[in-house]
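J.: pasting a predicted model and its sequence here:
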Amino acid sequence: MLKSSPLDGLRFAFGTLTVLPVRVRRWDRGAARGGMLAAPVAGLVVGGCAAGLGVLLLFLGAGAPLAAVASVAVPAALTRGLHLDGLADTADGLGSGKPAEDALRIMKQSDIGPFGVLTLVLVLLAQAAVLGRLYDVSWARGALAAVVSATAARLVLTLAARPGVPAARPEGLGAAVAGVVPRGAAAVVAIVVVAAAGAAGAGLGAYDGARAALAVVAAVAVAELLLRRCVRRFGGVTGDVFGALAETAATAVLVVLSLGR
């Protein structure tokens, strides 16, 4: 088997985590490992696009609320809504109260139940509310929040692909990436993302830098709690669980960044 290259990993990350026209040429464990390690890079691009549209609308006079809605809409569009769909499906599975096999069947259905609808509404409202407030303070703080939240959302996918986290099904994205990222490599990526968030926030002041770094740490902690709950409940991870982890982490980052103003 040919050794996977960093380019294979980037293709895997962008090809599976975004709708950008990137062809995934390899679907083996090596490419999956590189892809999950590169997941925050895909998040950085998604977040940059979200921030770019939000800031553009601000400068065109659209106002902070519309800029916030745009910054929430861009990640949804660039993932075909798969992360939001995963969040809704996971909420339905967790809320069903049924055994793992039945819960997984509920998650695989195309419709969305009451738990999923409620979760989607609350999460999207929270994200838009926070971004609207931050854009109202300054375009830079809103843009920073959009970028950091999207990057942290993909970082938690890197961490969830570590050894010891099984797949709940023998097929799908969860099975493809389960356990592919060594713990040490995942920790290094996490440290880099936390440091980068802190450095970016420091451009607005020392307090903002510390809060941006803390926001990523908080997002990882909240996502870890959800991950452990899903593993206990479903017996492992699925593509839906990965989507739920991403949206949960993104929301956690935004909530932390909204505090203290």
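T.: Yep, that arrived. Just so we're clear, the structure is a prediction, and the values are computed from it rather than from any experiment.
J.: going by C-alpha atoms from here, please, whenever you check contacts or count neighbours.
T.: OK.
J.: for the record, mean pLDDT for stretch 236-249?
T.: Here stretch 236-249 scores 96 as its mean pLDDT.
J.: identify the residues contacting that stretch?
T.: Applying Cα atoms under 8 Å, 6 or more residues apart in numbering, the contact partners of stretch 236-249 are 82-90, 107, 123, 149, 152-154, 156-157, 160, 165-169, 172-175, 178, 219-220, 222-223, 226-227, 230-231.
J.: in PyMOL, how would I select the buried members of the residues you listed?
T.: Here is the PyMOL command that selects the buried residues among those (16 or more other Cα atoms under 10 Å):
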select buried, resi 82+83+84+85+86+87+88+89+90+107+123+149+152+153+154+156+157+160+165+166+167+168+169+173+174+175+178+219+220+222+223+226+227+230+231
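J.: just the ones of the contacts of stretch 236-249 in strands?
T.: Assigned to strands by DSSP state E, none of the contacts of stretch 236-249 qualify.
J.: next step: the contacts of stretch 236-249 restricted to helices.
T.: Cross-referencing the contacts of stretch 236-249 against helices under DSSP state H gives 82-90, 107, 123, 149, 152-154, 156-157, 160, 173-175, 219-220, 222-223, 226-227, 230-231.
J.: need the distance between the two termini of stretch 170-179.
T.: End-to-end span of stretch 170-179 (Cα to Cα, to the nearest Å): 13 Å.
J.: now that stretch: average pLDDT?
T.: 84.
J.: which residues touch that stretch?
T.: With Cα under 8 Å, 6+ apart as the test, stretch 170-179 has contacts from 27-29, 32-33, 36, 160-169, 237-239, 242.
J.: please redo it, this time with the cut-off set to 6 Å
T.: 32, 161, 162, 163, 166, 167, 237, 238, 239 (Cα atoms under 6 Å, 6 or more residues apart in numbering).
J.: lovely, talk soon.
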